[in-house]
Structure formats: structure tokens, C-alpha cells
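J.: pasting the structure only:
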């Protein structure tokens, strides 16, 4: 397996624009996590899916953020409209099953909002 | 809820031993994990403790005391390439199984 695949790797956008980040988890994994990483706030969990169902989205900062997982092999994180304070590295990770603490991370998307 | 505390930074010299501590609070608990992240890279899984005691994997060991809500990562025979950030993480059933990370400890290995 190629591991968790995220796209794009880098995104530069203007304030107010819509941004969509994409993730393909490892085949067979039933848990998917979206994290945001900044120097100030560390690795923040934004949302967690189990078997394609959103289980906990309490980390989603505002209504501008939304995430979907239409099937077991694809998830998106959308920010609309984007703001400069959204600039961060966004990671997607998947895990084989609910009780497993080993998560496999994608390479991340570095988002810059200017 | 879940929260984890770990030191923000640690410095050590090549060949030395360093211990990175982690204390946690969680209402449910599958185990404590450790992850390594190099600058510009993604976090990668290092170790997992589901039960009390020491787990050893090469130069790295991890310890857990469930009664003390405490664990540590022990790195031996430090090498320059061990300079990275190290995160402890917990996952528990009571909040749907979400995986929460500490703030990370930046380890600098000096010659």
C-alpha cells in the first residue's frame, strides 16, 4: 500500500477563497483523523471518522470548516471562506481499527492564506 | 476529556540517554503511544503501551504506569538523527475512539 495520500502538498490561496484538502486513507483502515498543526497549538484533532461516519467534530474551529467522507477511500476537509489564521499544516491519518493507537499519517498539506 | 502533559524541549549529547515524560488525564484508555516527527515531516508511530511496564524496541523503550497516569519514552545511545519532536498520544473508548496528542517535546541532540 502507498500509505495515506494527501493532496495538494502545498496550497497558497487568498483570503476569502475556498480551500479543499483531500485524503485517501490506507485501504482497510476504518478510522480517519484530520489534524491541524501550528507552532502555537501543536497537533489539534479537528474531526474523527469511524467507518465513514463523523464521530467527533468538536475540534472543528468554526462553521467555515467542514469535512466529509463519502466512502471508505476518500475524505475532504473544506475551508470556506479561508482566513490568514487558517495557515497551518493539515494532516490526515488513518488507523486500522477503533482500539488501535497506531495511526499512519499522510505527508500533510501546507496551507498558506494570504 | 483527554489531556496530556510533556516537557516542551530537552537537550542531550550524542551517546547519552534521555527520558521524555508524559502524564495524561483521560476518562477511558486503550493505551499510550509515542510518535516521532522530524522537521517538515509527518508524525510516525514509535511504540505503544497497553499494559503497565516497559516495552523495548531497539534503542527506544517506552514505559507505562496506569495507576499513576504516567509514561515515558527512553532513548538510548542518542544519535544526531534522533533530533526531532516526540509526541505522546492517548486513545480511549469513551469519546468514540479519538486519538489525542500532547504538545510535543523537541529533542536536540548535540555533538
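T.: Looks like it arrived, so ask away. Quick caveat: nothing in here was measured; it's all calculated off a predicted structure.
J.: Low-confidence ranges, chain B, go.
T.: Along chain B, the model assigns pLDDT under 70 to residues B:1, B:94-96.
J.: What segments of it are strands?
T.: In chain B, the strands defined using DSSP state E lie at B:3-5, B:9-13, B:18-25, B:31-37, B:44-49, B:53-57, B:60-65, B:70-75, B:84-91, B:99-101, B:105-110.
J.: Quick check: neighbours of the third one in the sheet, parallel or antiparallel?
T.: Within its sheet, and counting by DSSP bridges, strand B:18-25 is paired with strand B:3-5 (antiparallel), strand B:70-75 (antiparallel).
J.: Same question for the fourth one.
T.: When sheet partners are counted by DSSP bridges, strand B:31-37 sits next to strand B:44-49 (antiparallel), strand B:84-91 (antiparallel).
J.: Pick the most deeply packed of the ones you listed.
T.: Greatest average neighbour count among the strands paired with strand B:31-37 goes to strand B:84-91 (a mean of 24), per mean count of other C-beta atoms under 10 Å in any protein chain shown. Heads up, the C-betas are built off the backbone N, CA and C, glycines and all.
J.: gap between that strand and the chain center?
T.: Remark: strand B:84-91 is offset 5 Å from the chain centroid, using C-alpha atoms, centre = their mean, to the nearest Å.
J.: tell me the angle that strand makes with strand B:9-13.
T.: Per axes from the mean of the first three to the mean of the last three C-alpha atoms, to 10 degrees, the angle that strand B:84-91 makes with strand B:9-13 is 130 degrees.
J.: Flag every residue of chain A that's near chain B.
T.: A:31, A:33, A:35, A:42-43, A:45, A:48, A:50, A:55-56, A:91, A:93, A:95, A:98-108 (C-beta under 8 Å from any C-beta of the partner chain).
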